[in-house]
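Enquirer: Sequence first, predicted model second:
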Amino acid sequence: MTCDDGNDCTINDEQTILDSDGTICIPCAGVPLDCMTGNTITVSCDDGDSNTTNDMQSVLACDGVTVCGPCTGSPVDCSTGTTSIVSCDDGNDCTINDEQTILDSDGTICVPCAGVSVDCTTGVTTLVPCDDGIANTINDMQSVLACDGTTVCGPCEGIPTDCENDETMEVNCDDGDPCTYDDIQIVLVSDNSICEPCQGIELDCNTPTISETNCDDGDPCTINDVQTLLDCDGTVCTPCQGVLVDCSNGETVEMSCDDGDPLTINDVETILVCNNSVCIPCEGVINTEVFLPNIFSPNATPPNNVFAFELPSSFTNPALSIYDRWGNLVYFSEENLSWDGTYNGQYLESGVYVYVLKFTTPDDEEVVKYGDVALVL
């Protein structure tokens, strides 16, 4: 029979009951609605695309959650989206206050970059040579916009000459300046009167008339100092500079020092003479010298009654061997570096005995020292 299962997202709700007393045999349940059978509504959403507006999607009306259609928005453009005016460079030197309009969402250019054109009243001008078309003037100049060098801001005008009524010609001359070449002047053909004074093309550091000379850059740590000069007047083209020396090619000297290690002697370091920088750090040689007596007598007063010595505590693996004249080992110890002149508890005969002392230095160098000692009874 029909019923209501309490779920807005089902239809045709039915349940089965026992006819005799109405006991529910099968609980009330309906057929679930879906996007094809149920009513849908359109709700706001976010499609994750910053370049769209009014994002909407279709959902089941019964629960407002089940998605029936994807979230989509209307693309924005320069006519619908928010825009901003930003500074830019239109690549034209003859404009100022360059601006462009862009779409805030993605920076799309809505209005291309453009600036306000400068003119002869607002822009910077400069004088450039020209030809005023009058043969009897010299040094013709006109004012043009500096940004393009072509826009004319003032008429081309020259200085009148006295050579207007006769033919002129170019002749070689010497303008007295050693730093010019191809000096020429314009004179009247009739009497060589000067119409345009002698003038040459100026030499500079880009011409081949330069020389490299020795110099002193004032730095004691450079060698082969050189500078480049303009031959005509000694103008410096390239400042004096040398090759920086280091510990591999500069003068060095060994100096006494203290490496802070009491077990080393003859500590030295190598320094660069020019600035006293250290090339080889201070380091000494491990002192392996040990004082060994060459005579003792058991009858003498201490400490001359034994053959003994002390090693620095940092020396390890000590071993002392004593041999008689026939090469027989009469004493050996790796702990007690002291011999009282006995063998098996009995004093040996007076004579010369050979010792061999071995030990290891702190830098793992194995040292062996040989010698002889006289036993006197």
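Expert: That came through fine. Quantities reported herein were computed from a predicted structural model and do not represent experimental measurements.
Enquirer: switch to C-alpha atoms for all contacts and neighbour counts from now on
Expert: OK.
Enquirer: Show me the shaky parts of the chain.
Expert: For the chain, the stretches flagged by pLDDT under 70 are 135-137, 161-162, 288.
Enquirer: now the residue of it most remote from its centre: how far from residue 2?
Expert: Distance from the centre of the chain peaks at residue 20, with 94.7 Å (C-alpha atoms, centre = their mean). For residue 20, the distance to residue 2 equals 18 Å [C-alpha to C-alpha, to the nearest Å].
Enquirer: for residue 196, same thing?
Expert: To residue 2, residue 196 is 121 Å away according to C-alpha to C-alpha.
Enquirer: More neighbours: which of these two?
Expert: The neighbour comparison of residue 196 against residue 2 (other C-alpha atoms under 10 Å) goes to residue 196, with 18 against 12.
Enquirer: quick one: the more buried one and residue 185 touch, right?
Expert: Yes: counting by C-alpha atoms under 8 Å, residue 196 does reach residue 185; the two are 5.6 Å apart.
Enquirer: Report the contact partners of residue 243.
Expert: Shown in contact with residue 243 (C-alpha atoms under 8 Å, 6 or more residues apart in numbering): 222, 223, 224, 225.
Enquirer: now residue 78
Expert: Residues near residue 78 by C-alpha under 8 Å, 6+ apart: 102, 103, 110.
Enquirer: roughly how far apart are it and residue 47?
Expert: From residue 78 across to residue 47, the span is 20 Å (C-alpha to C-alpha).
Enquirer: Outline the domain layout of the chain.
Expert: Using automatic domain parsing, the domains assigned to the chain come out as 40-75, 83-117, 163-202, 210-244, 252-286, 295-375.
Enquirer: could you redo those domains as TSV and give each row distance to residue 133?
Expert: Converted to TSV, the domains of the chain look like this (distance: least, C-alpha to C-alpha, whole Å):
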stretch	distance to residue 133
domain 40-75	62
domain 83-117	28
domain 163-202	13
domain 210-244	37
domain 252-286	67
domain 295-375	94
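Enquirer: nearest to residue 123, of those?
Expert: Closest of these to residue 123 is domain 83-117, at 7.7 Å (criterion: C-alpha to C-alpha).
Enquirer: Quickly note the distance from residue 319 to residue 357.
Expert: As for residue 319, its distance to residue 357 is 6 Å (criterion: C-alpha to C-alpha).
Enquirer: whoops, I mixed them up, residue 239
Expert: 66 Å.
Enquirer: Looking at the two, which has the bigger crowd around it?
Expert: A direct count of neighbours by other C-alpha under 10 Å for residue 239 and residue 357 places residue 357 higher, at 19 against 13.
Enquirer: Touching, that one and residue 311? I think so.
Expert: No: contact status for residue 357 versus residue 311: not in contact, 10.6 Å apart, counting by C-alpha under 8 Å.
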